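# Fold the following and give me the result.
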Amino acid sequence: MAATGVQKIWLDGEFKFGTKGTQGGTLSNNVKDVALSVSGKTTSTTSRNAKNHKMETEKVILNEVTLSFKVPNRTGDPLVAALQAAVAAADMIAIYAIDSASGKGADADFYIIEMSESGDASEYSVKTSKPSDELRDPALFA
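Here you go, the predicted structure:
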């Protein structure tokens, strides 16, 4: 399986989070640099029997989706607490990130794959989070 180019969409709108299995409903105003990356995975569809077929062909068979964002570390912030709990338990968190211009974005339960804290502890960076379909179907551009 090959990967096509990554399409990165910056979401400037609402960021909601909540309990896995449900649509995120708690609005957070403490999020920045939200990016939705979509990378198509392909497989070869080249026919070896086709006459005059002189090029390799491929078909996108699935999209790999990653959501990344930064969260300033504010004492008592419920999003920081929810992210820390999800990471500690290797569990999911519901996220609904919406672009204000289109009104669309990503709505899914996400596993936080890679999260780090800045050297001065002023900010958390979620570099990689991946959607899950364990409890509900993820929606892209919904």
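# Go through stretch 12-28 and flag the buried ones.
Buried residues in stretch 12-28, defined by neighbour count with 16 or more other Cβ atoms under 10 Å: E14, F15, K16, F17, G18, K20, Q23, G24, S28. Where C-beta positions appear, they are placed from N, C-alpha and C, glycine not excepted.
# Wait, A86 touches I93, no?
Yes - with contacts counted by Cβ atoms under 8 Å, A86 reaches I93, the gap being 4.2 Å.
# Now list whatever residues contact both of those two.
Residues touching both A86 and I93 by Cβ atoms under 8 Å, 6 or more residues apart in numbering: I112.
# I'd like the next helix or strand past the strand or helix carrying A97.
Here A97, judged by DSSP states H and E, is contained in strand 92-99. Counting by DSSP H and E, the next helix or strand C-terminal to strand 92-99 is strand 105-117.
# and that following strand, what other elements does it pack with?
Under the contact criterion of 3 or more Cβ pairs under 8 Å, 6 or more residues apart in numbering; DSSP states H and E, strand 105-117 touches strand 58-72, helix 78-88, strand 92-99, strand 123-132, strand 139-140.
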